[in-house]
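**Student:** Quick one: sequence and predicted model below, then my questions.
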Amino acid sequence: LPVTLRAPGPRVVSVGSELCLHAALKWDDLNNKSGFDAYMQSKLCNLLHIEELHRRHGGAKGPLRAVCIDPGEANTDIVRHFPMGWAIK
């Protein structure tokens, strides 16, 4: 992080998902690796990490731009090889 903060226009980009809105942190099982709950929890943790980076080093406190993106919202052809990918578009 110190090297990033010294760079011109420092930024951190994390990949998230809107599904984090439906997640709950399982404090007794932060290393949960099974099922869809684990995926949603990991995306919530990504978002919380980005928010904390911005709180500490962005805005009025520093030059860091910390953002979280949801690639599912981007207009791409990523589902072209998925079974029934046409239904996702």
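**Tutor:** Perfect, I can see it now.
**Student:** Show me the shaky parts of this structure.
**Tutor:** 73-75, 78-89 (pLDDT under 70).
**Student:** Strands of the protein, start to end?
**Tutor:** Counting by DSSP state E, the chain has strands at residues 11-15, 65-69.
**Student:** most tightly surrounded among those strands?
**Tutor:** strand 65-69 (a mean of 16; mean count of other C-beta atoms under 10 Å). All C-beta spots, glycine's among them, are computed from the backbone N, C-alpha and C.
**Student:** what packs against that strand?
**Tutor:** Packing partners of strand 65-69 (3 or more C-beta pairs under 8 Å, 6 or more residues apart in numbering; DSSP states H and E): strand 11-15, helix 35-57.
**Student:** As TSV, the strands of the chain with distance to residue 42 would be great.
**Tutor:** What follows is those, written out as TSV (distance: least, C-beta to C-beta, whole Å):
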stretch	distance to residue 42
strand 11-15	10
strand 65-69	12
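**Student:** Tell me which of those strands sits nearest to residue 22.
**Tutor:** strand 65-69 (15.7 Å; C-beta to C-beta).
**Student:** List of residues touching the closest one?
**Tutor:** Outside strand 65-69, the residues that touch it by C-beta atoms under 8 Å, 6 or more residues apart in numbering are 9-16, 46-47, 50-51, 53-54, 57-58.
**Student:** swap the cut-off to 6 Å and go again
**Tutor:** 11, 12, 13, 14, 16, 47, 50, 53, 54, 58 (C-beta atoms under 6 Å, 6 or more residues apart in numbering).
**Student:** Which of the residues you listed lies at the shortest distance from residue 72?
**Tutor:** residue 16 (9.5 Å).
**Student:** contacting residues around the closest one?
**Tutor:** If you count contacts by C-beta under 6 Å, 6+ apart, then residue 16 has 43, 46, 47, 68, 70 around it.
**Student:** give me phi/psi at it?
**Tutor:** Torsion angles at residue 16 (phi, psi; degrees, to the nearest 10) stand at phi -120, psi -160.
**Student:** Give me the spatial nearest neighbour of it, chain neighbours excluded.
**Tutor:** residue 68 (4.1 Å; C-beta to C-beta, 6 or more residues apart in numbering).
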